[in-house]
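> Sharing a model prediction with you, sequence too.
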Amino acid sequence: MLRKLFRTGNSIVISIPKDILDELKLFEGESVSVELDSKQRQIVISPVESPLAVGVDETFARQVVWIHQGVPPCPRGIGQVTIYLTAEQILFIHYRLLSETGGKHGLRDLGLLESAVARPRHI
């Protein structure tokens, strides 16, 4: 498949066709490995398998990834239930967003976060 290189800012970019992205289950903002095979004069782009979460329920972590990618975990309007997030789940979402968009990691006051998380349950 023939593709053209184009400039954006100070970088040279190549677009990857949607059917290839779909087959590899790659979405905008995900990390890929870019390697140079000098002998073959090829650029090799590979998906990077990153762990979903450390210390966070794997099912919840997958739902966050699905929502972030625009794929709802269940059909809209079916099984709508209020789910209260834990402080750990909120910290995971925060970490994931900062990892993808940039910014400083950290938390000013864990007690304030835990208080804010508990409040909706007591109203």
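Yep, that arrived. Residues are numbered from 1 along each chain as shown.
> all strands of the chain, in order?
Taking DSSP state E as the test, the strands found in the chain are 5-8, 11-14, 32-37, 42-47.
> just checking, what packs against the first one?
Okay, so that is strand 5-8. With contacts defined as 3 or more CB pairs under 8 Å, 6 or more residues apart in numbering; DSSP states H and E, strand 5-8 has these neighbours: strand 11-14. The way it works is simple: take the backbone N, C-alpha and C, and place the C-beta from them, glycine included.
> Which residues does the strand it packs on contact?
Outside strand 11-14, the residues that touch it by CB atoms under 8 Å, 6 or more residues apart in numbering are 3-7.
> In its sheet, which strands sit next to that strand, and in what direction?
The strands beside strand 11-14 in its sheet (DSSP bridges) come out as strand 5-8 (antiparallel).
> show me the contacts for residue 95.
Here residue 95 is in contact with residue 105 (CB under 8 Å, 6+ apart).
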